[in-house]
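> only geometry, no sequence info:
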């Protein structure tokens with residue numbers, strides 16, 4: 001848990017309090033996610049009967065005596081298997097890992113900002129496994145579900161630091177160095193997303209015809225349309241001269257009070273003010 005948080009710093013919050021979590025009985029932790037403005041959360045669970053039930057091989061960052069990436073930098077994501085695009089179970093896993101590690105979506109990034117890459121690969125795939133027949137729905141038969149779990153290949157997660165070396169061309173030569181953590185996982189029971197909620201979450205608003213005709217759907221200067229269909233503009237304001245603002249003049253803030261050479265002028269101004277007041281009273 002701490003190693004995964006290290007890859008997410010500073011965009012992660014760690015809870016140290018231990019709670020009793022029972023699968024399929026504990027209510028979702030929506031309140032904790034909403035309170036901390038987090039759309040995803042990770043729960044670690046340990047049991048005596050199978051302490052290494054899901055994680056087979058594990059190496060922490062401390063075991064790799066290599067340089068680490070700077071916290072807060074955006075990682076590269078590498079998925080080394082076609083099952084991440086064809087098999088429903090691995091498509092769901094890819095979506096979760098992308099949302100968990102990728103962070104904010106950006107249009108471009110400087111090469112100097114690429115410091116590490118997270119690689120997710122799969123073990124040997126059985127020949128009997130067919131990506132088109134597998135479904136995300138849980139099997140009704142216990143024997144069938146156990147057979148499906150055993151047929152799924154293991155997931156290997158690795159993290160590497162990136163070094164850009166000169167290659168004599170514009171494209172640099174890339175050198176990868178393991179930085180940790182390194183873990184091998186196996187997919188077990190899961191809960192598929194509700195079809196109606198998933199449909200609403202993936203729904204994207206369509207631009208109106210008049211907006212498309214006006215060019216709001218295209219990229220224009222200082223005007224853009226985000227993924228939710230909202231039109232956003234940038235306003236440029238000229239530089240304001242605060243010295244021309246009309247403020248209330250107070251005697252205590254006059255410059256003559258601070259400098260000794262202007263004492264005579266300040267005294268003359270005070271006498272003139274007192275004479276004006278007398279004239280107003282007489283009138």
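Done, it's in. Here the structure is a predicted model, which means the values were calculated and not measured.
> C-alpha only now, for contacts and for neighbours.
OK.
> Now do the same contact list for residue 56.
Each residue near residue 56 by Cα atoms under 8 Å, 6 or more residues apart in numbering is listed here: 183, 184, 185.
> ok, those residues vs residue 66, which is closest?
Nearest to residue 66 out of these is residue 183 (Cα to Cα; 17.2 Å).
> Can you give me the pLDDT of that closest one?
The confidence metric pLDDT takes the value 88 at residue 183.
> Would you check how far apart it and residue 18 are?
23 Å (Cα to Cα, to the nearest Å).
> swap in residue 6?
Residue 6 is 20 Å from residue 18, by Cα to Cα.
> Neighbour count for those two, which is higher?
residue 6 (15 against 8; other Cα atoms under 10 Å).
> which non-adjacent residue is nearest the spatially most central residue of the chain?
In the chain, the residue lying closest to the centroid (Cα atoms, centre = their mean) is residue 103, at 2.7 Å. Excluding the flanking residues, the one nearest residue 103 by Cα to Cα, 6 or more residues apart in numbering is residue 74, at 7.3 Å.
> Could you say which helix or strand holds the one you found?
Counting by DSSP states H and E, no helix or strand carries residue 74.
> can you put the contacts of residue 56 in TSV and add secondary structure?
Converted to TSV, these look like this (DSSP: H, G, I helix; E, B strand; the rest coil):
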residue	secondary structure
183	strand
184	strand
185	strand
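> Include neighbour count and distance to residue 274 when you put those into CSV, please.
Formatted as CSV, those follow (neighbours: other Cα atoms under 10 Å; distance: Cα to Cα, whole Å):
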residue, neighbour count, distance to residue 274
183, 16, 86
184, 19, 89
185, 18, 89
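> Next SSE downstream of the helix or strand of the chain with the lowest mean pLDDT?
In the chain, the helix or strand scored least confidently by mean pLDDT, DSSP states H and E is helix 209-214, which has a mean of 55. Toward the C-terminal end, the helix or strand that comes next after helix 209-214 (DSSP H and E) is strand 223-225.
> so what strands line up beside the helix or strand that that next one is followed by?
Sequence order places strand 231-233 as the next helix or strand after strand 223-225, per DSSP H and E. Here strand 231-233 is paired, per DSSP bridges, with strand 223-225 (antiparallel).
> tell me how far the partner strand is from the chain's mean position?
22 Å (Cα atoms, centre = their mean, to the nearest Å).
> Okay, strands next: where are they in the stretch 151-283 of the chain?
Along the stretch 151-283 of the chain, counting by DSSP state E, counting those that start in this stretch, strands occupy 155-165, 173-178, 182-185, 223-225, 231-233.
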